[in-house]
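1. I would like to see how this sequence folds:
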Amino acid sequence: MARAPESLVGLSIEWTGVHHSRDGDFTDISTHVVTYDTESRCHVTAGGRLVGEADYTYCRFDDRMGVVIYRPAIYQGRNDVVLHAMFDFAEMTDRAVLTAGGEPFAVADGRMRLV
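-> Numbering: from 1, shown residues only. Here you go, the predicted structure:
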């Protein structure tokens, strides 16, 4: 069982899963790696190429759970997306609600691993 870290800085987490939206899955990022560069900035790679950058906030709640709120510069062509992710480090799962313009946009359900 993994424990929720105090900070994400220096970690790279691979995510593999599915997105549910009115437009279907976002298959271009079904597997991607998020690298946490600082306490507030991260970047995302998929297929070995940079696909995004974001501001983020991380809050560890206990040994098991943490929440990450991402504010990507661009996400699926939009500049108004916010991802609200719930990390379960015991199960190594990540579920997220995505909003665009403050309205529901998509949900994501996946597994994660440290890389």
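
2. the residue nearest to Asp28 when sequence neighbours are not counted and Tyr58: what is the separation?
-> The shortest distance from Asp28 to any residue that is not its chain neighbour, by C-beta to C-beta, 6 or more residues apart in numbering, is 6.5 Å, and that residue is Ala46. C-beta coordinates here come from the backbone N, C-alpha and C atoms, glycine included. Spatial separation of Ala46 from Tyr58 under the definition C-beta to C-beta, to the nearest Å is 21 Å.

3. most centrally placed residue in this structure?
-> Centroid check for the chain by C-alpha atoms, centre = their mean gives Ala85 as the closest residue, at 6.1 Å.

4. report how many residues lie close to Gly110.
-> If you count neighbours by other C-beta atoms under 10 Å, Gly110 ends up with 19.

5. likewise Glu39?
-> Under the criterion other C-beta under 10 Å, the count of neighbours that Glu39 has is 11.

6. per-residue pLDDT, the residue lying closest to it once chain neighbours are set aside?
-> Closest residue in space to Glu39, ignoring its immediate chain neighbours: Val9 at 5.8 Å, by C-beta to C-beta, 6+ apart. The model reports Val9 with a pLDDT of 98.

7. and if you look at Glu53?
-> According to the prediction, Glu53 has pLDDT 97.
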